[in-house]
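**Student:** Next come a sequence and a model predicted from it.
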Amino acid sequence: MKNQPLKVIQFGDEEKIPWRVRSSLKRAARRGRTGIIFHAAMRDSFRSMTFKWSIVLIESGGVELCRKDGTTLKRPKFVGLSPGVHTLSFRVIRARRSRETFFEKEISLREGDVLVALCEPIQPNVFYRRSPEEDIWRLRKIESRPGGGA
């Protein structure tokens, strides 16, 4: 599999998290949950099938934790993980296998920490917004504060 364009960004406090993801993050913080909040900004094309069609997923040890495609709900998904070190695989699968992108990242989560993983894959262009030239992943670990809440 040849390497396709891929950008991984550690986004900071100054970058705004989408409101749906923020509400999921607040709910997880209130409950003291540890895990991943995953969201993929996927658009539907005007055509039924295109080579830019994709499935976005996160895996741990070969086990699929969460996925987004054209048939899944567009809201963010929370996946609980135990505290500790996890090696996560971030993948975008396309109709043409040679166009897949993939990277791994090791994360360390303490009790109450949440990893926010946002993805905007290469997609069909739509009339209101152009597709990115490469798959873009934005990652940020939100650490729990002593006394509860993130």
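**Tutor:** Structure received. Nothing here was measured: the structure is a model prediction, and the numbers come from that model. Residues are numbered from 1 along each chain as shown.

**Student:** what kind of secondary structure is residue 22 in?
**Tutor:** Following DSSP: H, G, I helix; E, B strand; the rest coil, the label given to residue 22 is helix.

**Student:** Count the residues that sit near it.
**Tutor:** Residues within reach of residue 22, counting by other C-beta atoms under 10 Å, total 14. For every residue, glycine as well, the C-beta is placed using N, CA and C.

**Student:** which stretches of the protein have low pLDDT?
**Tutor:** When the per-residue scores of the chain are filtered using pLDDT under 70, the ranges that remain are 1-5, 43-52, 72-73, 97-98, 124-131, 146-150.

**Student:** tell me the strands in it, going along the chain?
**Tutor:** Secondary structure of the chain (DSSP state E): strands located at 6-10, 35-40, 54-60, 63-68, 77-80, 84-94, 101-109, 114-120, 135-142.

**Student:** Quick check: which of those has the most neighbours on average?
**Tutor:** Most buried of these by mean neighbour count (mean count of other C-beta atoms under 10 Å) is strand 35-40; its value is a mean of 24.

**Student:** Please name every helix or strand in contact with it.
**Tutor:** Strand 35-40 sits against helix 19-31, strand 54-60, strand 63-68, strand 77-80, strand 114-120, with contacts defined as 3 or more C-beta pairs under 8 Å, 6 or more residues apart in numbering; DSSP states H and E.

**Student:** ok so, going back, distance to residue 20 for the strands of the chain - can I get that in TSV?
**Tutor:** Rendered in TSV, the data for the strands of the chain read as follows (distance: least, C-beta to C-beta, whole Å):
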stretch	distance to residue 20
strand 6-10	19
strand 35-40	7
strand 54-60	16
strand 63-68	13
strand 77-80	11
strand 84-94	20
strand 101-109	22
strand 114-120	11
strand 135-142	14
